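**Q** build the 3D model from these lines:
(chains A and B)
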Amino acid sequence: MSMLPIGDATTSTIYAALQGLTAQRNAIAQNVANIDTPGYTAENVNFTTSLSQAVAEGNPSAMQIDVTPSTASANAEGNNVDLGTETVAAQENNLAYQTMVEAMNAKMQLLSVAISGQPTSTGA
Amino acid sequence: MFEAMNTAYTGTEATQAWMTAISNNLANMNDVVPGDKAAYRAEYVDVAENAGTGAYGIGTGVSVTGVTLSSADGTLEHDPSSALADAQGDVRVPDVDMAQQMTDLIMAQRGYEANLNTISDAESAYKAALGLTL
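**A** Reported below is the predicted structural model:
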């Protein structure tokens, strides 16, 4: 992940968070698709700890996305995906993603005002 | 970029195959044949996670690897009054357990709906991204 050409720490942080949330969404999709696959171990994505640390160090793009196998207990076929957990994770991911997009829009509004003196229309 | 949608699509394909096999089993569970013929063999769909990884090192969904058939012996029943009874008065019926099939059908439906939810969640996320006024 490289720095965006126009942007500062805020933009880079939002961009990194969007990447982390996309990875999380992919893992949720993978777990749900394999909900009945024998012997499948659920995948969990963590990026928030790494992101806070990277932001504290002043380089948000240094965030690492951690994909780890879940340690939840498995059922009789060796599958440990829990539909309840995945559903809740999907809802949270959706809300967080929308929030990050709103934040990015707000940031771009500020940039637009700074450049042209007038805000762009949001079209929302 | 649309990995989540593709992955969920593979999930719907697998659960659809499962539901097709179950409905085939239920439709044929009363097929009676003479005792010297093979009974209807119930179908069980085998699934496995797709090999390799996609973006961020995360897997790329599931696929059907084959169909396992149950035993061709079925259950031998002695029924001389049946029109299909063989010389010994035996007929074969398939060993399809209706309760098991109905349970599997519920699980397959649940899996199908969960994958559809993933697709619509991914769609709203992508739509939000399209709303970025960059």
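**Q** what about B:A108, distance to chain A?
**A** To chain A, B:A108 is 8 Å away according to C-beta to the nearest C-beta, to the nearest Å. Quick note: C-beta positions are derived from backbone N, CA and C, even for glycine.
**Q** assign a three-state SS to that residue, would you?
**A** At B:A108 the chain is in helix, as set by DSSP: H, G, I helix; E, B strand; the rest coil.
**Q** show me what contacts B:M5?
**A** A:A29, B:T118, B:I119, B:A122, B:E123 (C-beta atoms under 8 Å, 6 or more residues apart in numbering or on different chains).
**Q** can you check A:A62 too?
**A** A:A54.
**Q** against A:A72, how distant is it?
**A** Using C-beta to C-beta, to the nearest Å, A:A62 is found at 30 Å from A:A72.
**Q** helix, strand, or coil at B:G11?
**A** Once three-state DSSP is applied, B:G11 turns out helix.
**Q** per-residue pLDDT, the residue of chain A found nearest chain B?
**A** At 3.1 Å from chain B, A:A33 is the closest residue in chain A, using C-beta to the nearest C-beta. Per-residue confidence (pLDDT) for A:A33: 96.
**Q** would you confirm that it contacts B:E13?
**A** No: applying C-beta atoms under 8 Å as the test, A:A33 and B:E13 come out as separate, 9.3 Å apart.
**Q** so for those two, which residue has more residues nearby?
**A** A:A33 (34 against 18; other C-beta atoms under 10 Å in any protein chain shown).
**Q** shaky segments in chain B?
**A** Chain B contains residues with pLDDT under 70 at B:1, B:133-134.
**Q** which parts of it are helices?
**A** Under the criterion DSSP state H, chain B carries helices at the ranges B:3-27, B:98-130.
**Q** what does chain A give?
**A** Under DSSP H, chain A gives helices at A:9-33, A:48-56, A:83-116.
**Q** pull out the buried positions in the first one.
**A** Taking 16 or more other C-beta atoms under 10 Å in any protein chain shown as the neighbour-count basis, helix A:9-33 is seen to contain the buried residues A:11-33.
**Q** ok, now the longest one?
**A** Buried residues in helix A:83-116, counting neighbours by 16+ other C-beta under 10 Å, are found at A:86-87, A:89-90, A:93-94, A:96-98, A:100-101, A:103-105, A:107-108, A:111.
**Q** briefly note if that helix comes near chain B.
**A** Yes: using C-beta under 8 Å from any C-beta of the partner chain, helix A:83-116 reaches chain B at A:83, A:86-87, A:90, A:93-94, A:97-98, A:101, A:104-105, A:108-109.
**Q** could you tell me the angle between that helix and helix B:3-27?
**A** Angle, helix A:83-116 to helix B:3-27, by axes from the mean of the first three to the mean of the last three C-alpha atoms, to 10 degrees: 150 degrees.
**Q** and B:S63, what are its bridge partners?
**A** B:A48 (DSSP bridges).
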